[in-house]
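K.L.:
Here's a sequence, model it:
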Amino acid sequence: MHAGGLCGISTPLDPMVTKADDLSGQVMAKEGELPPVWVDLKIDLVLLDVMVSSSGEAPEMVRPLQSGEMLMLNSATATSVGTVSQIKGKNAKLKLRLPICAEVGSRITLSRRIGSRWRLIGHATIKE
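P.N.:
All right, here's what the predicted structure looks like:
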């Protein structure tokens, strides 16, 4: 196993708890070794020049983040929605609806809702 890798683990958990990927996005660690759980994130931001879109669509430029904007964040298998509470240059502060568990320095992806779809607009590194 290597850092950032995913694996399957046999546990004595009741199968009812684990059915239908109900534990997807959850983190397991030895007691006392769990990474921090984040509800508020400070990030170093890297936006793409052009938004990732499906074939046949004209490429669209990525506009800067705005305070109050909702974004979808992905960290390993965890997905959460966050609201931009503060933006200053390449740094931003996000308030998450669902907490995520990740180390400082972990990379997350950022997506913006365009119409009825989420479009990848960049990535970020967790500062604190």
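
K.L.:
contacts, neighbours, all on C-alpha from now
P.N.:
Will do.

K.L.:
ranges for the strands of this protein?
P.N.:
Secondary structure of the chain (DSSP state E): strands located at 37-47, 70-75, 78-88, 91-101, 107-114, 117-126.

K.L.:
need the helix or strand of this protein with the lowest average pLDDT.
P.N.:
One helix or strand of the chain scores below all others by mean pLDDT, DSSP states H and E: helix 15-18, with a mean of 76.

K.L.:
Tell me which of the strands of the chain approaches residue 17 most closely.
P.N.:
For residue 17, the closest of those is strand 78-88, at 17.5 Å, according to C-alpha to C-alpha.

K.L.:
what is the mean pLDDT for that closest one?
P.N.:
For strand 78-88, the mean pLDDT works out to 95.

K.L.:
neighbouring strands for it, and are they parallel or not?
P.N.:
Strand 78-88 has its sheet partners listed here by DSSP bridges as strand 70-75 (antiparallel), strand 91-101 (antiparallel).

K.L.:
ok so, going back, wait, which of the strands of the chain is closest to residue 55?
P.N.:
Among those, the nearest to residue 55 by C-alpha to C-alpha is strand 117-126 (12.8 Å).

K.L.:
ok so, going back, let me have the strands of the chain in a markdown table, adding distance to residue 63 and mean neighbour count as columns.
P.N.:
A markdown table is the format used below for the strands of the chain (distance: least, C-alpha to C-alpha, whole Å; neighbours: other C-alpha atoms under 10 Å):
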| stretch | distance to residue 63 | mean neighbour count |
| --- | --- | --- |
| strand 37-47 | 9 | 18 |
| strand 70-75 | 13 | 19 |
| strand 78-88 | 13 | 17 |
| strand 91-101 | 15 | 19 |
| strand 107-114 | 10 | 18 |
| strand 117-126 | 9 | 18 |
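
K.L.:
These: which one's closest to residue 23?
P.N.:
With distances scored as C-alpha to C-alpha, the stretch of those nearest to residue 23 is strand 78-88 (10.1 Å).
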